[in-house]
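Enquirer: Predicted structure and sequence below. I'll ask about it afterward.
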Amino acid sequence: VLENEHLRLVVLPETGAKIHALIDKKRDHDVLWHNPRLEPRRPVFGQNFDDWWSGGWDEVFPTCDVSTYQGETYPYLGELWSLPWAWEIAADGSEGVSLHLSRTTVIATARMERWISLASDGPVVRLRHRLTNVGVQPMDFVWGFHPCFAVEPGFRMDVPGRQAVIGHTATAPFGPVGATYRWPEAPGPDGPHDMRVVPPASRGWCEGHYVTDLEAGWVALTDPTREAGVGLVFPREIFPVVWCWMVYGGWRGHHHVALEPWTGWPHQLERAVAAGRHRTLAPGERLECETVAVLYHGVRSVSGIDGDGQVRG
């Protein structure tokens, strides 16, 4: 548990280093979604993520969808979520606390390290990642963050992108897989639909859309009634696309949104490689980045978030 006056963060190292809770202490509210029918439990490698998913924020690497690539089969949502991570307190003083977590993968030749840091004051969490190819051959991958947020009808998603591509759909209310539109207005069954606004679960929708042509590296989810929300800031040069996973009753009756920065797309590794939208690390090469999560109040929508977590309404 990492905690200050503004927020409480709960991490489960043995459960894929999942960020299990991100609590806004001002409202006593956890912004992350939790599966009402499944408690956290230590996962088994290679299993179906959906049947083990208790909610929260997971790491996805080196693929999202099940992928057969270079003679190996990678499991759904990759390897990291189902493995226990090593951890240590890297810093604990008057200025704040930092948790260091690390894990090597089973199939890919990767070592992932993550530092989660919380200052003694302020509603900002800093996450620093270091991904290393520990093998002797180049390593291809796609990598993304999978924070799933609790929602209510009327919540607003802000993603500063220009275009969207439908990557998954259950009932095709906005077109088939591969259809494109200018974000955030999709052609719906009753005319143009603002994808930023969360509908009720009674819609029965389950949609996954890639938002591309990002103008900046941030996303936000706001409760306009309570004027409160959560935002992420990430390096756009590393994560050039956002996957908007929108479940409005159409998957197992759940209601949630995941706003996920990704290094490439589509989510199946071999398809991303074929499209030339994957990343590669040479033997011994590292990829490092810093992301920021911020809880905010006093705005009904977001027009920008800077690297220090300052939110503009």
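Expert: Ah, there it is.
Enquirer: immediately after the helix or strand hosting Phe149, which helix or strand?
Expert: Per DSSP states H and E, Phe149 falls inside strand 144-150. Toward the C-terminus, strand 144-150 is succeeded by strand 156-158 as the next helix or strand (DSSP H and E).
Enquirer: And for the strand holding Phe149, what's in contact with it?
Expert: Outside strand 144-150, the residues that touch it by Cβ atoms under 8 Å, 6 or more residues apart in numbering are 19, 30-34, 55-61, 64, 77, 81, 221, 230, 232, 234, 239, 243, 245, 256-263, 267, 291, 293. For every residue, glycine as well, the C-beta is placed using N, CA and C.
Enquirer: I'd guessed His278 sits against Gly264; true?
Expert: Yes - with contact defined as Cβ atoms under 8 Å, His278 counts as touching Gly264 (4.9 Å).
Enquirer: Name the residues contacting each of the two.
Expert: Taking Cβ under 8 Å, 6+ apart as the criterion, His278 and Gly264 both touch Val142, Ala272.
Enquirer: mind listing the helices for the stretch 201-313 of the chain?
Expert: For the stretch 201-313 of the chain, the helices defined by DSSP state H, counting those that start in this stretch occupy 269-275.
Enquirer: would you list every one of the strands in it?
Expert: Taking DSSP state E, counting those that start in this stretch as the test, the strands found in the stretch 201-313 of the chain are 205-212, 218-223, 228-233, 241-248, 255-262, 279-281, 286-297, 304-305, 311-312.
Enquirer: from the chain's centre, how far out does the fourth one sit?
Expert: Between the mean C-alpha location of strand 241-248 and the chain-wide mean there is a distance of 9 Å, by Cα atoms, centre = their mean, to the nearest Å.
Enquirer: Starting from that strand, tell me which strands it pairs with and how they run.
Expert: Each strand paired with strand 241-248, and its direction, by DSSP bridges: strand 205-212 (antiparallel), strand 255-262 (antiparallel).
Enquirer: and what of the third one?
Expert: The strands that strand 228-233 pairs with in its sheet are strand 218-223 (antiparallel), strand 286-297 (antiparallel) (by DSSP bridges).
Enquirer: tilt between the first one and strand 144-150?
Expert: So that's strand 218-223. For strand 218-223 against strand 144-150, the angle by axes from the mean of the first three to the mean of the last three Cα atoms, to 10 degrees is 10 degrees.
Enquirer: what does strand 218-223 rub up against?
Expert: Residues outside strand 218-223 that contact it (Cβ under 8 Å, 6+ apart): 31, 149, 151-152, 154-160, 228-234, 242, 257, 259, 261, 299-302, 304-305, 311.
Enquirer: Any of the residues you listed buried? List them.
Expert: With neighbours counted using 16 or more other Cβ atoms under 10 Å, these contain these buried positions: 31, 149, 151, 155-160, 228-234, 242, 257, 259, 261, 299, 302, 304-305, 311.
Enquirer: and the nearest residue to His256 once chain neighbours are set aside, what is it in contact with?
Expert: Of all residues not flanking His256 in the chain, Trp33 sits nearest, at 4.0 Å (Cβ to Cβ, 6 or more residues apart in numbering). Trp33 makes contact with Gly55, Gly56, Cys148, Phe149, Ala150, Val151, His254, His256, according to Cβ under 8 Å, 6+ apart.
Enquirer: next one: Pro200
Expert: For Pro200, the contact set (Cβ under 8 Å, 6+ apart) comprises Pro153, Tyr248, Gly249, His255.
Enquirer: So what pairs up with the last one in the strands?
Expert: If I follow you right, that is His255. On the basis of DSSP bridges, His255 is bridged to Tyr248.
Enquirer: wouldn't Ala21 be in contact with Val10 here?
Expert: Yes - in this structure Ala21 lies within contact range of Val10 using Cβ under 8 Å: 3.9 Å.
Enquirer: Could you pull out the buried residues of stretch 263-275?
Expert: For stretch 263-275, by 16+ other Cβ under 10 Å, it's Thr263, Gly264, Trp265, Pro266, His267, Gln268, Leu269, Glu270, Arg271, Ala272, Val273.
Enquirer: any idea how far the last one lies from Thr68?
Expert: This points to Val273. Using Cβ to Cβ, to the nearest Å, Val273 is found at 12 Å from Thr68.
Enquirer: Give me the buried positions along stretch 69-76.
Expert: Within stretch 69-76, the residues that count as buried by 16+ other Cβ under 10 Å are Tyr69, Tyr74, Pro75, Tyr76.
Enquirer: typed the wrong thing, it's stretch 16-26
Expert: Gly16, Ala17, Lys18, Ile19, His20, Ala21, Leu22, Ile23, Asp24.
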